[in-house]
Every structure is written in C-alpha cells, then in structure tokens.
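Undergrad: With the sequence up front, the predicted model follows.
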Amino acid sequence: MATYSRLPGSVALITLHNPPVNALSAAVRQGIVDAVQRALKDPKVTSVVICGQNGKFCGGADIREFAGPMLGPPLVPMIHAIEAVDKPVAAAIEGVALGGGLELALACHYRIAHSKAVLGLPEVTLGLLPGAGGSQRLPRLIGLTAALDLITTGRHVSAAEALKLGVLDQVTDSNAVDLAVEFVRSVAGQPLDSRRLSTLPCPCPPDVDSLLDKVMSKVRQRSRGALAPVACVRALRAAASLPYAQGMEKERELMATLFNSGQARALQYAFFSQRVVGKWSLPSGARWDNSTARIISKAAVIGLGTMGRGIVVALALTGISVVAVETQEKQLAEASRVVPAMLQREAGRRRLATPPGVISFSSNLQDVSEVELVIEAVFEDMSLKLQVFKHLSSVCRPGTLLCSNTSGLDIDQLAAVTQSPGLVVGMHFFAPAHVMKLLEVVYGPRSSPEAVATAMQLGKRMGKVGVAVGNCPGFVGNRMLKPYLEQANFLLEEGATPRQVDEALEEFGFPMGVFRMSDLSGLDVGWRIRKEAGLTGPGVESTRTRQGRRYSPLPDQMCEAGRLGQKTGKGWYQYDGPGGRVARSDPWVHIFLETYRAEHGLVARSITLEEILERCLYALINEGFNILQDAVAAGPEDIDAIYVFGYGWPRHRGGPMFHADQVGLGRILQRLNQHSHPDVPHLKPSTLLRRLVAAGSPPVQKWREFINKERVHSQL
Ligand SMILES: C[C@H](O)[C@H](C)C(=O)SCCNC(=O)CCNC(=O)[C@H](O)C(C)(C)COP(=O)([O-])OP(=O)([O-])OC[C@H]1O[C@@H](n2cnc3c(N)ncnc32)[C@H](O)[C@@H]1OP(=O)([O-])[O-]
C-alpha cells in the first residue's frame, strides 16, 4: 500500500509500504493512484514528495506478480499521471530506485537522493526492458549514449554517478525526505513543462544510427541468444527517432514479446533461485535461520597456487586479515609478488568502501595458530590433504574452522583426521576464485550447523553465491559434469568433431563448448582424477569398457600424446603455441579420431545438433535428479544456481533443472530411455524423474515439496 500525509507548508507526502523493497505490487499501485488523486484535489497542497518506507524508495515492479494475471491499476498510466500533476512532485530516493522504482522517479519532476542510494534499470537481467516509460524518459534526461549503457547492461549506479549523469538533481548525506520536502516547498508554483521528461527531445550524438548499430552488434555478441538486450536497443532506437507517444507504443510492443517469453521466466527463476539458496537447510534440520554463524576477522590460506592466490584476495577484499602459507619457497616468492597486485587491482575495480585486510606471507604452518578459519588449497591429492589437515588440527587453537577447497574429494575423510570433525567443511571455489561468484559449501555427516552457517556467511561477505551441498564424489557441479563430459567423448567416437559438439553447446548459450573448456582447464586435470580412480594408467587394459561400463580412452590418449590443451599449445584444438587462446581446428585431431575409430571398429555416422544437446545436457540433468534423490542438494534451485554461477549455464535458460521443466519431464524421460544403454548407467533415468513424471510433472517450483513428501513416505 501507499500512505498519504499532509506536512506543514502544503506538502503532501506519499509513502510506499511493501517490505522489504517497496515493490510496486497491485496494492502499492492502488495506494499511489489514490494518494495522487488526493494531492491533486487538495487545494492546500502545493507540492508532493514520494518516498519509500524503511529507507528504501522502490525495488521496481513486484516480480512475484509476473507469474499471475496482472491485477490493480496498470503501471504505465499511473506513472504518466504523476508526470502530468500540475504541482511539483519530487522523488526522495533512499536505498534503492531500481526498474519501475526509477521509472516512477523519472515521472517525478525532481529527484533527490541519499548519497548511499543505488539506482538503475536492471530489467534486462530479468529478460525484460524498462516497460513503464524508462526506455523513453531516461534517454530524454541523460542522452541516448548514457541511456544505452545503463539499459542494455542493467547495471546499478551509485548516487554520485547518477548525479554526474544528470539522473538526479541533488544528493545529500543527511535525510533525503527532509531535503525533498524543503526543496519542493521552494519550487511550488514554478512552471513544470521543462520538468516533464516525456515532452523533451532525446539528445543524440550526430552519428546516432552508427552508434545504435555498433551497440546492437556488441549486444548481440555479448548476449549469446538472449532476447532482452536486443529489444532494449530497439526501444532506445525508437526513443531517438520517434515522438514520445509512438516510442511508448514501441516500448509496449517489445515488452509484450518479452514478458511471456521462456527467457524472461528463466531469468526471473534465476533471480529467485539466487535468493532461495541463501536459505539453506541440512538433512539434520539445521537451517539458515536457526544456526549461528561466527563472524571471521582472521583467516589463513594454505597453498598459494592459482586457486590459493585467488582465495587470499577474495578474503582480503572483505577486510579480513589473511595469513598466506606456502611451503615451497619459489611458489611463496612468486605469490608474495603477485597477490598484492591482484588485490590492489580488484580493490580499485570494486571501489571498496572499507580498506582490504592485511595479508602476511609465511612458509611456516605454525603461523596460523591464531586464526579463526583456515582454507586449504593445496594440490588435489588426498594423501597430501590428509597430512595438512592432521597438522592443522594440531597447530590451530581449539574451535578453529578447517575448510578445504577440494573440488570433489571426501570431506568426511579429511574431518576424520582432525580433533574436531564438526568444524570441517568444504569451501569449493571456482577459478579465478576472486572473480567467480559460485561457492559450494560442502557439509559432511559430522559438519556442525555452526560451521556451515559460518562458511555460508563468509561466502556472502565475499560477494559469492554460496550453495550448501552434501558430501559425495564431485559434490554437485563436478558430479553432474562427469556424465556430460563422457557423452561428449562418446559422440566423438561415433562420428562428431570437437568443433561440432562445441558449436552446438555454444549456440545453446554456453560461453564455451566442452572441448574448448577442457583445453582451457587442461586435459591433465581429468586424467589425474581418472588415474586416481583406477580407470586408466599403467596396468589398466586399454579397452572401451572399464569397471563394467562403457569408457572412452580418447582423452587419455590425447594426454599420452602430450596434448594437454592451451598450456601445451595443442589439445582438442591447436593454438599459437603454449598459452595460446585462439582455438583452431587441428587436422591432427581428425586423423587421430579416424585412426581411433578404425582401431576400435567404429564407423562414423552423422550426428545432429539435437542429439548432441540431448545426450550432453540430459545426461547432466539426469544426474541432477539423482543428486536431489540422494539429498545432496536440497532443491532444483540449488543445482541451477550452481550451474548458472559456476559452470557457464546460460542464465536466460534458468539452469539445468529449470530447462528440464521447460522441455518437459516426459520428453526428457523418453529421450533418456531412447539413448539409454546397459553399459552407460548414467543415462538410466533417475527414480525421481520417473516419479515426477508419474505424478504428472509438477512445475519446478513444486519439486522441493514433492521430494520432501516422497522422502517422508520413503518412496525415494
Ligand atoms: C515495469 C518495470 O520496468 C519492470 C517490469 C520492473 O520493474 S522489473 C523489476 C526490476 N527490479 C529489479 O530488478 C530489482 C530486483 N531486486 C534486487 O536487485 C535486490 O533485491 C535489491 C533491491 C538490490 C535488494 O537486494 P538485497 O540483497 O538487499 O536483498 P534481496 O535478498 O535481494 O531481496 C530481499 C527480498 O526482496 C525480494 N525482492 C527484491 N526485489 C523484488 C522485486 N522487485 N519484486 C519482488 N520481490 C523482490 C527478494 O526476492 C527477497 O525476498 P526474500 O528472499 O527475502 O523472500
């Protein structure tokens, strides 16, 4: 709702009430319409201020309402009516003015904000465009060029930048509402025509068409199939070339195409998934709101390779002091040279409010005795990690949390060698650790709720999307990646080329196909894991069946041929020497594949894009269902957040489980059965998938409830 009050000096104050972000729900819109009417009709009122309750102006349209029929007064006429008011209306912006919230402020004649306020039109991140006049009013206020940047990126700007751009009229460090009230009193009775943005021309640079064409091609390249950014440029082209009313008609048309699109639903699902995963729960019943997190001020990182360095920087950026330990002198020397520069660069890029934490370097594990939390990031070898954990447990003071950055080794085995297994969890970062948003927080059967809560809280402080997952080989992300990678190799055996598979996945929206990704991370990473699992290596027979299931030795043979990827200048593609980045098809690989097929009596066949996507993605999705069945992840949103924030799953497709829902569980089941084969167990449809289909394929938002019910009735 919205309340109306009349302040001394003939000012009407309209306050939005819809916690936590005063989103423009039907009730709030009705409240605004009623309040504006009252202000208009009250002769004693000479000016109006609009503000939000609880120090937040408005977080935009109420996204929760998008799934249902739109009730209450429509947004566009409500906003237009405010602009038309013949008394000065000022927006008093505190906290946030985003999306429809900023569009509401743009309809006001003046905008006054607190210095800590954040503004923006982030609709494109929800698969939409500013559909309440923002695409037509903002360019008229700040010019086409600046509006193109804000609307096609959806980025938030600070009050200082918004003032510089011309979005705001004034910024204050004290109470913005008080200043706005004082200000509108001072301008009461003044002409308002020049303050009505819809009446103003849109300032454009002389080469407006080439600017729009340039931005359109950049947006198309960056968006990899996302519809909304392209529609945003089209709406701004209308603002630059059409009168306001026609521009608004164009905005309405474009919004209508986006609003009901699968992409918009996927992006809004991703928005809420990111918030759902923060509300974690453990099979023990411990939850985010009944567990206490410790606030960490001193931490340590053990092992200063690529991952360790990134983790040190990510911690220090929060203001935590870090002891960075590396026993190899050469690696320590290099890290103490590289890490401070990384920190400075990242701190500059993020314009940090508080100074970063102090980093001290050491080669002596003894120096971590006073910290509250340790993150181990040594080489991915279990025996080495066990040594480190045993040593840490004897060096650290009681109560210290011990965390491992392992990407899939057994957390509980590490906990078993310590004095306090309850204080051991996994904190699985993704490279580069100070940039990638995802953090898998891995709990073992003995991990305490306090340890999980502390790791999740620390992840949030580092700006990460933390997802709490259970302990199993590969946890969630890498466990699902395994069948995806295996299917990709099988497709090569059957006739596909690395380029063909990668193009199919990149067209789907992945930034990089599976073979380019393998070349980037290094083929030897997987090779070492397969050796440790006894799947390949000295004494293992080179057949296409290993441990009772189909196996492709292709990547092993690539490694044996010294083709480890970018680091050796050749892998599935060739590069301009070691460290090269540009992938070119390599005739050697084609001959290698033909020879391999001939040796194994395989006949290449033509493989469609559809088959590539089905086998790679449905194998991954099926493993997702097994993970939900095993309670390793609490819900589909957890899996989808992991894949969107850590594995390059295109955000405008929501995530693997959301995609399965969009495709239809019945179809997924049918196709898995189609592709399934006794010696490829990971294509055998998961019990949970079959049970969901049998239950009529409820929507993804209902799966968590379905799983909990099934579990209670021990159907799973
Ligand atoms: C016509 C018009 O052109 C179009 C069509 C639109 O306007 S489309 C809408 C455009 N607006 C946006 O894109 C802004 C989206 N929100 C945010 O970016 C952030 O929320 C925030 C404002 C910067 C605050 O961040 P936070 O970190 O302090 O808290 P939080 O955990 O994120 O959010 C706190 C709680 O508020 C909920 N919430 C936030 N914004 C919401 C919104 N616009 N609608 C509904 N719920 C919202 C959120 O789900 C969470 O709920 P719960 O989990 O507690 O149940």
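TA: Sure thing, it's come through.

Undergrad: Assign a three-state SS to Asn54, would you?
TA: helix (DSSP: H, G, I helix; E, B strand; the rest coil).

Undergrad: My guess is it contacts Val21. True?
TA: No - assessed by C-beta atoms under 8 Å, Asn54 is found out of contact with Val21, at 9.0 Å. Backbone N, C-alpha and C define where each C-beta goes, glycine included.

Undergrad: intersection of neighbour lists for these two?
TA: Taking C-beta atoms under 8 Å, 6 or more residues apart in numbering as the contact definition, Asn54 and Val21 share the neighbouring residues Gly95.

Undergrad: Pick out whichever of those two has more residues nearby.
TA: A count of neighbours by other C-beta atoms under 10 Å puts Val21 above the other of Asn54 and Val21, at 20 against 14.

Undergrad: Check the gap between the closest residue to the ligand within the stretch 551-700 of the chain and Ala92 for me.
TA: Minimum separation of the stretch 551-700 of the chain from the ligand (C-beta to the nearest ligand atom) falls at Glu637, amounting to 11.2 Å. According to C-beta to C-beta, to the nearest Å, Glu637 stands 35 Å off from Ala92.

Undergrad: Compare those two (neighbour count), which wins?
TA: Using other C-beta under 10 Å, the more surrounded residue of Glu637 and Ala92 is Ala92, with 30 against 27.

Undergrad: Need the per-residue pLDDT for the more buried one.
TA: With respect to pLDDT, Ala92 scores 98.

Undergrad: cool, Ala353 as well?
TA: On the pLDDT scale, Ala353 gets 68.

Undergrad: do the same with Asn260
TA: 85.

Undergrad: which SS state does Arg137 fall under?
TA: Arg137 ends up helix, using three-state DSSP.

Undergrad: Number of residues surrounding it?
TA: With other C-beta under 10 Å as criterion, Arg137 counts 28.

Undergrad: Make 12 the starting number, not 1.
TA: Sure, I'll start counting at 12 from here, so that last one is Arg148.

Undergrad: residues in contact with it?
TA: Shown in contact with Arg148 (C-beta under 8 Å, 6+ apart): 114, 117-118, 208-209.

Undergrad: In helices only, show me these.
TA: Among those, the ones falling in helices (DSSP state H) are 114, 117-118.

Undergrad: which of these tops the neighbour count?
TA: Going by other C-beta under 10 Å, Glu114 tops the ones in helices among the contacts of Arg148 with 28 neighbours.

Undergrad: just checking, that one touches Ser146?
TA: No - Glu114 lies out of contact with Ser146 (C-beta under 8 Å); the separation is 9.2 Å.

Undergrad: Let me know the next secondary structure element after the host helix or strand of Pro240.
TA: Here Pro240 sits within helix 239-252, counting by DSSP states H and E. Next along the chain after helix 239-252, taking DSSP H and E as the criterion, comes helix 255-270.

Undergrad: which residues touch that following helix?
TA: Counting by C-beta under 8 Å, 6+ apart, 77, 87, 138-142, 144, 146-147, 151, 209-210, 238-239, 242, 245-246, 249-250, 253, 275 sit against helix 255-270.

Undergrad: tell me the angle that helix makes with helix 239-252.
TA: Calculated by axes from the mean of the first three to the mean of the last three C-alpha atoms, to 10 degrees, helix 255-270 forms an angle of 170 degrees with helix 239-252.

Undergrad: Tell me which residue in this protein sits closest to the ligand.
TA: Closest point on the chain to the ligand, by C-beta to the nearest ligand atom, is Gly110, at 2.5 Å.

Undergrad: average pLDDT for whatever helix or strand Lys341 lives in?
TA: Using DSSP H and E, Lys341 maps to helix 340-361. Averaging pLDDT along helix 340-361 yields 92.

Undergrad: I'd say Ser169 and His125 touch.
TA: No - judged on C-beta under 8 Å, Ser169 makes no contact with His125 at a distance of 10.8 Å.

Undergrad: higher neighbour count, those two?
TA: His125 (20 against 17).

Undergrad: what bridges to the more buried one?
TA: Listed beta-bridge partners, His125: Thr183 (assigned using DSSP bridges).

Undergrad: Can you give me the distance of it to Ala237?
TA: Counting by C-beta to C-beta - His125 and Ala237 are separated by 33 Å.

Undergrad: what do you get for Lys401?
TA: Relative to Ala237, and taking C-beta to C-beta, Lys401 is found at 49 Å.

Undergrad: can you tell me which residues contact the residue nearest the centre of the chain?
TA: Nearest to the mean C-alpha position of the chain, by C-alpha atoms, centre = their mean, lies Phe656 at 4.1 Å. Listed by C-beta under 8 Å, 6+ apart, the contact set of Phe656 reads 285, 447-449, 476.

Undergrad: The same query, at a cut-off of 6 Å, please.
TA: 448-449, 476 (C-beta atoms under 6 Å, 6 or more residues apart in numbering).

Undergrad: And Ala310, by the same measure?
TA: 326, 331, 333, 382, 384.

Undergrad: For Val711, see how far away the spatially closest residue to Val349 that is not a sequence neighbour is.
TA: Once flanking residues are discounted, Val349 sits nearest to Arg320: 6.4 Å by C-beta to C-beta, 6 or more residues apart in numbering. For Arg320, the distance to Val711 (C-beta to C-beta) stands at 38 Å.

Undergrad: With Leu159 instead?
TA: Distance, Leu159 to Val711, using C-beta to C-beta: 34 Å.

Undergrad: repeat for Arg408
TA: In terms of C-beta to C-beta, Arg408 sits 45 Å off from Val711.

Undergrad: and these two? which has more neighbours close in?
TA: Val711 (23 against 10).

Undergrad: hang on, Asp300 in a strand?
TA: No - with three-state DSSP as the criterion, Asp300 is assigned coil and is not in a strand.

Undergrad: If you tally nearby residues, what's the number for it?
TA: As a burial measure, Asp300 scores 8 neighbours (other C-beta under 10 Å).

Undergrad: Secondary structure and pLDDT added to the contacts of Phe656, as CSV?
TA: Output for these, formatted as CSV (DSSP: H, G, I helix; E, B strand; the rest coil; pLDDT from 0 to 100):
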residue, secondary structure, pLDDT
Lys448, coil, 97
Leu449, strand, 98
Val476, strand, 98
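
Undergrad: Spell out which parts of this protein neighbour the ligand.
TA: Residues of the chain found near the ligand (C-beta under 6 Å from any ligand atom) are 31-32, 34, 70-75, 86, 107, 109-111, 114, 133-134, 137, 139, 141-143, 145, 283, 286.

Undergrad: redo that, cut-off 5 Å
TA: 31-32, 34, 70-75, 107, 109-111, 133-134, 141-143, 286 (C-beta under 5 Å from any ligand atom).

Undergrad: Quick check: ChimeraX command selecting the buried ones in the residues you listed.
TA: Typed into ChimeraX, the line below selects the buried ones among those, using 16 or more other C-beta atoms under 10 Å:
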select :32,34,70,71,72,73,74,107,109,110,111,133,134,141,142,143
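
Undergrad: Can you pick out the ones from the residues of the chain next to the ligand that are in helices?
TA: Using DSSP H, the residues of the chain next to the ligand in helices are 111, 286.

Undergrad: hang on, the earlier thing: include pLDDT and distance to Val60 when you put the ones in helices among the contacts of Arg148 into CSV, please.
TA: Listed next are the ones in helices among the contacts of Arg148 as CSV, based on pLDDT from 0 to 100; distance: C-beta to C-beta, whole Å:
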residue, pLDDT, distance to Val60
Glu114, 98, 17
Leu117, 98, 16
Ala118, 98, 14
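
Undergrad: what's the closest of the residues you listed to Arg608?
TA: Among those, Glu114 lies closest to Arg608 (C-beta to C-beta), at 59.0 Å.

Undergrad: if we can go back for a sec, name the member of the contacts of Ala310 with the most neighbours.
TA: Busiest of the contacts of Ala310 [other C-beta under 10 Å] is Leu326, holding 29 neighbours.

Undergrad: Which is the succeeding secondary structure element to the host helix or strand of that one?
TA: Following DSSP H and E, one finds Leu326 within helix 317-327. Using DSSP H and E, the helix or strand that directly follows helix 317-327 along the chain is strand 332-336.
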